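Engineer: Build me a model:
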Amino acid sequence: MLDVEKTNCLIRQAKEGDANAKETLLLENNNLIKSIVRRYLGKGVEYDDLYQLASMGLLKAINGFDESFGVRFSTYAVPMIAGEIKRFMRDDGSIKVSRQIKSTAKRINLFIEQYSIKHGTQPSVKVIAQEFDMPESEVVFTMGSTHMPVSIYSQGEYKDEKTQELLEKLPVEDKQEDIIEMLQLRTAIASLSERDRKVIMLRYFRDMTQSEVANMLGVSQVQVSRIENRIMENFRKDLTG
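Structural biologist: Reported below is the predicted structural model:
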């Protein structure tokens, strides 16, 4: 892999029209491209097509990268590459969740239902993790997968729900500002304590209410509110310097 200085130099040259610089960047990031392609194998798209899509995503990352972002090029390139593949799969008509994850999610939901009937309250993430012998962070992700649509042409979860098809809600273009903000948010989340990280993941990535998070973590809604406000205030301070 190229070091940061050499990579940035090649990017500047590529933006000026140097074809050799672009080729070098593609070659040097070949392993990165392949690692992302492997995530989408077995989802109905051939490897060669995935590789070409990923390469296009890398070229877009080269054109859009700015050293002032304060992140490594590879960090910036990953969501751009994945986005190119996801957009193709979206346009092709389906977004798939692995059978294993869906199966585990169903078992967790059944356990939550039975536990709630028996104890009169929902089990916490810790209780679920112990029951299924899995990390708490994986429990949160797996539970969130139950809300992932199988088809982009599907509508609301309930028959009387009048909503747009998912296809109409998906953005057509990548928003570079959102990508940079997400990278900054991920960096900030990585530095949080385990409890604080769970609160943010459940609130902003699983779209749960403060009360639902409180029940899940076994704390009060007031505690969740305080934790969330403190984290977001610190995050805003970090962004504004």
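Engineer: Quick one: low-confidence residue ranges for the chain.
Structural biologist: The model of the chain has pLDDT under 70 over residues 1, 91-99, 137, 141, 144-188, 204-207, 235-241.
Engineer: how does it divide into domains?
Structural biologist: Per automatic domain parsing, the domain ranges recorded for the chain read 4-91, 94-170, 172-241.
Engineer: which one of these is the most hemmed in?
Structural biologist: domain 4-91 (a mean of 16; mean count of other Cβ atoms under 10 Å). For every residue, glycine as well, the C-beta is placed using N, CA and C.
Engineer: From residue 128, how far off is residue 114?
Structural biologist: Using Cβ to Cβ, to the nearest Å, we find residue 114 at a distance of 12 Å from residue 128.
Engineer: same deal with residue 197?
Structural biologist: 17 Å.
Engineer: Quick check: residue 45 vs residue 86, distance?
Structural biologist: Distance from residue 45 to residue 86, by Cβ to Cβ: 11 Å.
Engineer: same question, residue 116
Structural biologist: In terms of Cβ to Cβ, residue 116 sits 35 Å off from residue 86.
Engineer: One more: residue 16?
Structural biologist: With Cβ to Cβ as the criterion, residue 16 and residue 86 are 30 Å apart.
Engineer: Also residue 189?
Structural biologist: 21 Å.
Engineer: So what touches the host helix or strand of residue 36?
Structural biologist: Using DSSP states H and E, residue 36 sits in helix 30-39. Contacts to helix 30-39, defined as Cβ atoms under 8 Å, 6 or more residues apart in numbering, come from residues 1, 26, 47, 50-51, 54-55, 58, 74, 77-78, 81-82, 85.
Engineer: Mind picking the two most distant members of these?
Structural biologist: Greatest spatial distance among the contacts of helix 30-39 (Cβ to Cβ): 1 and 47, at 22.6 Å.
Engineer: other SSEs contacting the host helix or strand of residue 109?
Structural biologist: Under the criterion of DSSP H and E, residue 109 resides in helix 99-119. Counting by 3 or more Cβ pairs under 8 Å, 6 or more residues apart in numbering; DSSP states H and E, the packing neighbours recorded for helix 99-119 are helix 125-132, helix 136-145.
Engineer: Check the offset of it from the chain's centre.
Structural biologist: 23 Å (Cα atoms, centre = their mean, to the nearest Å).
Engineer: then that helix to PDB, C-alphas only?
Structural biologist: The C-alpha atoms that make up helix 99-119 are tabulated as PDB, following Å, rounded to 0.1, in the frame of the first residue of the first chain:
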ATOM      1  CA  ARG A  99     -30.800 -15.900   5.600                       C
ATOM      2  CA  GLN A 100     -28.700 -16.600   8.700                       C
ATOM      3  CA  ILE A 101     -29.200 -13.100  10.100                       C
ATOM      4  CA  LYS A 102     -32.900 -13.200   9.400                       C
ATOM      5  CA  SER A 103     -33.200 -16.600  11.000                       C
ATOM      6  CA  THR A 104     -31.400 -15.400  14.200                       C
ATOM      7  CA  ALA A 105     -33.500 -12.200  14.200                       C
ATOM      8  CA  LYS A 106     -36.700 -14.300  14.200                       C
ATOM      9  CA  ARG A 107     -35.400 -16.400  17.100                       C
ATOM     10  CA  ILE A 108     -34.500 -13.300  19.000                       C
ATOM     11  CA  ASN A 109     -38.000 -11.800  18.400                       C
ATOM     12  CA  LEU A 110     -39.600 -15.000  19.600                       C
ATOM     13  CA  PHE A 111     -37.500 -15.000  22.700                       C
ATOM     14  CA  ILE A 112     -38.400 -11.300  23.400                       C
ATOM     15  CA  GLU A 113     -42.100 -12.100  23.000                       C
ATOM     16  CA  GLN A 114     -42.000 -15.100  25.400                       C
ATOM     17  CA  TYR A 115     -39.800 -13.300  27.900                       C
ATOM     18  CA  SER A 116     -42.200 -10.300  27.900                       C
ATOM     19  CA  ILE A 117     -45.200 -12.500  28.500                       C
ATOM     20  CA  LYS A 118     -43.400 -14.300  31.400                       C
ATOM     21  CA  HIS A 119     -41.800 -11.300  33.100                       C
END
